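J.: Coordinates for the following, if possible.
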Amino acid sequence: MTAVADEQELDPESGLFDDIEAHLRGGDAAGATGGAVQVLRRGLAISPELRRGLRFTVLMALAGAVGRIAVPVLIQQILDEGVTGSGGLRAGFVLSACGVTLLVVVAVMAISRITYIRLVQSAEAMLRSLRVRAFAHIHRLSVADHDEAKRGVLTARVTSDIETIARFAQWGGIAWIVNTIVILGVLAVMAVYSWQVALLVIVVFAPMLPVMRALQRRQLRAYDQVRTRVGETMSAISESIMGAGVVRAYGIGGRVRERVHGAIDRQYRSEVRAARYFALLFPLGDIFGGTALAAVVAAGAWFGPGWGLNVGSLVACLFLVNLILGPIAELGEILDQTQTALSGWRKVLDVLDLPIDVPEPDPGVALPGGPLDVRVEDLSFAYREGGRVLHGVSVEIPAGADVAVVGETGSGKTTFAKLLCRLADPTDGRILVGGVDLRQVAPGSRHDAIRLVPQDGFLFDTSIRENVRMGRAGAGDGEVEEVFRRLGLDEWLARLPAGLDTMVGERGEHLSVGERQLVALARAAVANPGLLILDEATSAVDPETERAITTALARLAQGRTTVSVAHRLSTAEAADVVLVFDAGRIVEQGSHAELVASGGRYAELYESWLGNTRRDGS
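T.: Next up is the predicted model:
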């Protein structure tokens, strides 16, 4: 279910947050998700964990707030009735009132602890669910989104942006409600003692509201910029770490550091800019609070009897003013937390709002077993930004055929391979595999029957055994070992220090490029797919490893349809059919010999390959 749909499921209990919205109303930060109130409502709508048991938690928090207000009242009673009353000192009354006060303080402490624990549990459950949901949504996006978005930016959405919501969910959100109740309760009790004093306190604190509102708008924009800069920094750092080998080999450390330092510097400036608003908010509470305390003392000294103030009620009013100094002082910090959380929430919601361009059918059609035929009809494709990369591609690939796809860089051959395994859907046209429109194939059947071996041979940071086992759920050790024997890779495996239990490292860095490709081929083979798609499987490997890969590919191709994106002459020469791409179109197709004899585009590529081969061999 999408975030938009979930917005309609907002629990009625979320009305308890109206006090928060009253403080946030008017936020106008730019962004597709909308203003502060809309972000808050949508954030709560997609976070049922925060709403679950919310009413009880709020009631507990309010009980604690009432308990705090009761303490000044008890102090007033002790002074007026037990110390300065007409009966003089009443030790029994004083001791009893002090005992009640102690019980109230202990109860407030216990209630606060229970409330905090419940909030932390709800917040952690929400953060876990939101991370999982954002992560799952990112993986459902098509290749068009992943080609545009940098990995670091998407990582920031799932990690640091969600972290910004943590403190707000654990404390800031409920603090808006509790502190509002404390302030209103204090003013109400103060009005009972002296409405003039209550009015005086309101007049002193009133100028804070327009100041806070103006700062809130600017602060929200500033924190929205901070979250953007954090994503850019993570992207730059991630790229520099993943390309560490290239950086050292080419001696471009200075340029890379300059780029990373630039991203960090931009984040630093945005963080400082946002912190200036907090630095301005923080002392406001102290300034206005001190002014209110001084005003009450002066009013009590000059107008005490006329305003209905005696010793006990004046001391109670001073305690009450002091009681709201805490919420007033916290106001800046809570607002800072809220703005940070809303900016992070906005970024996460923007990710969840990205449309799923590759919706899965339910339940879908299962593909037949064995080799699969492919029919491509008037296929076109365009990424979200830029022009089309494929134009009206039509081709039929018979079951069991070995097809090579060739063309210059940027001709659309890799995009064509990705569309065959439905990493994205065509902009126009359709792809039929085994006679079934690929968009109607059940995802489980598609994953089993169609396998893509990418150029980089990506491996996870675990053993070779576990990497191969990921090729098919439930694959046993015997099946994994049999795959290596069937592909002729058992001798290579025997040379490894721990065989199948050899740890490959992060992204397979403990293995060479070719060795990673061998493991990726074994991972594809364990699924026994009917359609195998290879994206430049033999590029950038040494001759010995290339021979191992070629042998493995020949055995893997038996009994299935194979489509290879080829940059090597040997791959195209051995194929049954060669598809020649140029500027997003198939301009030629046929066997290697036929295309060479025709003297067309493929013949030009062939001559170029031969020239490179002669130079490499000279």
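J.: other SSEs contacting the strand or helix carrying Phe278?
T.: According to DSSP states H and E, Phe278 maps onto helix 253-303. Contacts defined by 3 or more Cβ pairs under 8 Å, 6 or more residues apart in numbering; DSSP states H and E place helix 253-303 against helix 195-205, helix 208-242, helix 311-353. Glycine gets a C-beta too; all of them are placed from N, C-alpha and C.
J.: I'd like those laid out as TSV, including mean pLDDT and mean neighbour count.
T.: Below are those laid out as TSV (pLDDT from 0 to 100; neighbours: other Cβ atoms under 10 Å):
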stretch	mean pLDDT	mean neighbour count
helix 195-205	84	18
helix 208-242	76	19
helix 311-353	76	22
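J.: Which of these sits closest to Thr562?
T.: Closest approach to Thr562 among the helices and strands packed on helix 253-303 is made by helix 208-242 (29.8 Å; Cβ to Cβ).
J.: just to revisit the earlier point, now the helix holding Phe278 and helix 195-205, what's the angle there?
T.: 150 degrees (axes from the mean of the first three to the mean of the last three Cα atoms, to 10 degrees).
J.: Helix 253-303 - what's its average pLDDT?
T.: Helix 253-303 comes out with an average pLDDT of 80.
J.: And for stretch 45-58?
T.: pLDDT averaged over stretch 45-58 gives 71.
J.: show me where this structure has strands.
T.: With strands called from DSSP state E, the chain shows them at 374-382, 388-397, 402-407, 428-433, 436-437, 450-453, 531-535, 561-565, 577-582, 585-590.
J.: Reformat the helices and strands packed on helix 253-303 as JSON lines; add distance to Val376.
T.: As requested, the helices and strands packed on helix 253-303 are arranged in JSON lines below (distance: least, Cβ to Cβ, whole Å):
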{"stretch": "helix 195-205", "distance to Val376": "71"}
{"stretch": "helix 208-242", "distance to Val376": "34"}
{"stretch": "helix 311-353", "distance to Val376": "32"}
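J.: For Val186, which of those helices is the nearest?
T.: Nearest of these (Cβ to Cβ): helix 311-353, 4.8 Å.
J.: so how far is that closest one from its chain's centroid?
T.: Put simply, helix 311-353 sits 27 Å off its chain's centre (Cα atoms, centre = their mean, to the nearest Å).
J.: Report the inter-axis angle for it versus helix 195-205.
T.: 40 degrees.
J.: Give me the angle between helix 311-353 and helix 208-242.
T.: Note on geometry: by the same axes, to 10 degrees, helix 311-353 and helix 208-242 are set 40 degrees apart in direction.
J.: now the strands of the chain in TSV, with mean neighbour count?
T.: Compiled in TSV, the strands of the chain are given as follows (neighbours: other Cβ atoms under 10 Å):
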stretch	mean neighbour count
strand 374-382	19
strand 388-397	18
strand 402-407	25
strand 428-433	18
strand 436-437	16
strand 450-453	24
strand 531-535	25
strand 561-565	26
strand 577-582	24
strand 585-590	18
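J.: Need those in JSON lines (columns: distance to Val71 and mean pLDDT).
T.: Listed next are the strands of the chain as JSON lines, based on distance: least, Cβ to Cβ, whole Å; pLDDT from 0 to 100:
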{"stretch": "strand 374-382", "distance to Val71": "68", "mean pLDDT": "92"}
{"stretch": "strand 388-397", "distance to Val71": "71", "mean pLDDT": "92"}
{"stretch": "strand 402-407", "distance to Val71": "79", "mean pLDDT": "90"}
{"stretch": "strand 428-433", "distance to Val71": "72", "mean pLDDT": "93"}
{"stretch": "strand 436-437", "distance to Val71": "72", "mean pLDDT": "92"}
{"stretch": "strand 450-453", "distance to Val71": "68", "mean pLDDT": "86"}
{"stretch": "strand 531-535", "distance to Val71": "71", "mean pLDDT": "87"}
{"stretch": "strand 561-565", "distance to Val71": "75", "mean pLDDT": "90"}
{"stretch": "strand 577-582", "distance to Val71": "79", "mean pLDDT": "92"}
{"stretch": "strand 585-590", "distance to Val71": "81", "mean pLDDT": "92"}
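J.: export these to CSV and tack on distance to Thr502?
T.: CSV is the format used below for the strands of the chain (distance: least, Cβ to Cβ, whole Å):
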stretch, distance to Thr502
strand 374-382, 36
strand 388-397, 36
strand 402-407, 31
strand 428-433, 35
strand 436-437, 39
strand 450-453, 20
strand 531-535, 24
strand 561-565, 27
strand 577-582, 37
strand 585-590, 42
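J.: How is this protein partitioned into domains?
T.: 13-353, 374-617 (automatic domain parsing).
J.: Which of these sits closest to Pro361?
T.: Once the domains of the chain are compared by Cβ to Cβ, domain 374-617 is nearest, at 5.3 Å.
J.: List the contacts of the residue nearest in space to the middle of the chain.
T.: Taking Cα atoms, centre = their mean as the criterion, Val158 is the residue nearest the geometric centre of the chain, at 2.1 Å. By Cβ atoms under 8 Å, 6 or more residues apart in numbering, Val158 lies in contact with Arg131, Ala134, Phe135, Ile138.
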